[in-house]
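**Student:** Here's my sequence, what's the structure:
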Amino acid sequence: MRIAASLMALLALGAAMPAQAQGVGQVPGSGPKLGQLEIKAYQAIPKTKTAVQLTSDTALARNLRRQVMIRLARRGNEVGFSGGNVMRMDVSYFDLSIGSGSSATIGGNPGYDGPAANPRPEFPRNRIEPRGGLSGISPPTLRIVLTLYSVDGGKVLWAASSSCPTQAGTAETAGLAMVDTIFDEADKNRIADAGCPI
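**Tutor:** Numbers count the residues shown, from 1 in each chain. Take a look at the predicted model:
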């Protein structure tokens, strides 16, 4: 009896596989391609008070949060650090472009952290080297993800994701351009150019 049930389950799985194979290459929740933005407006950003909370506390993230709060205030939202709806803001900068012969290391404060950054303990510096003779994987990238949750029940009301290739020294400029592009037409579902500076 168990063998028959197992065979039926395998046959059902085998029949379902071709239907799933049509979506190959599309990773759900992976966000837009580098240099693009995606906005999912389940509803327009409500005019209620909005608190913008950072997922990581860096100087770059705080400076960009300030710009998001300014854009929300221009839209007519009361903004603050608590109360009302919550907009979670994730600012990530990563540099995986390691060429051959690179002397790059992991450890210490990253290059985009300014003098106002929270002090961190010094980490051991580990050498980064490409495996198998591979050169740079991808350009240095800044990614901003904004997710607005309702105060009642935590329902997602609005979300935006954007990424740009940029160097550490120009990450804040790229971030400002990305924030401006997001809030140009914030209430429309869209996939568009992220507004990355050249």
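**Student:** Can you name every helix or strand that the strand or helix carrying Val179 contacts?
**Tutor:** Assigned by DSSP states H and E, Val179 belongs to helix 171-184. Helices and strands touching helix 171-184, by 3 or more C-beta pairs under 8 Å, 6 or more residues apart in numbering; DSSP states H and E, are strand 36-41, helix 59-74, strand 141-149, strand 156-165. From N, CA and C alone the C-beta is placed, and that goes for glycine too.
**Student:** Now render these as CSV, adding mean neighbour count, distance to Asp95 and mean pLDDT.
**Tutor:** CSV is the format used below for the helices and strands packed on helix 171-184 (neighbours: other C-beta atoms under 10 Å; distance: least, C-beta to C-beta, whole Å; pLDDT from 0 to 100):
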stretch, mean neighbour count, distance to Asp95, mean pLDDT
strand 36-41, 19, 20, 94
helix 59-74, 18, 13, 94
strand 141-149, 21, 8, 94
strand 156-165, 21, 10, 94
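**Student:** Relative to Gly175, which of those is closest?
**Tutor:** Among the helices and strands packed on helix 171-184, the nearest to Gly175 by C-beta to C-beta is helix 59-74 (4.5 Å).
**Student:** Correct me if wrong: Val145 contacts Ala160.
**Tutor:** Yes - counting by C-beta atoms under 8 Å, Val145 touches Ala160, with 7.3 Å between them.
**Student:** one step back: next, the angle from the helix holding Val179 to strand 36-41.
**Tutor:** 40 degrees (axes from the mean of the first three to the mean of the last three C-alpha atoms, to 10 degrees).
**Student:** show me the contacts for the residue lying closest to Tyr42 once chain neighbours are set aside.
**Tutor:** Excluding its sequence neighbours, the residue lying closest to Tyr42 (C-beta to C-beta, 6 or more residues apart in numbering) is Leu157, at 5.7 Å. Contacts for Leu157 (C-beta atoms under 8 Å, 6 or more residues apart in numbering) come out as 42-43, 45-46, 85, 148-150.
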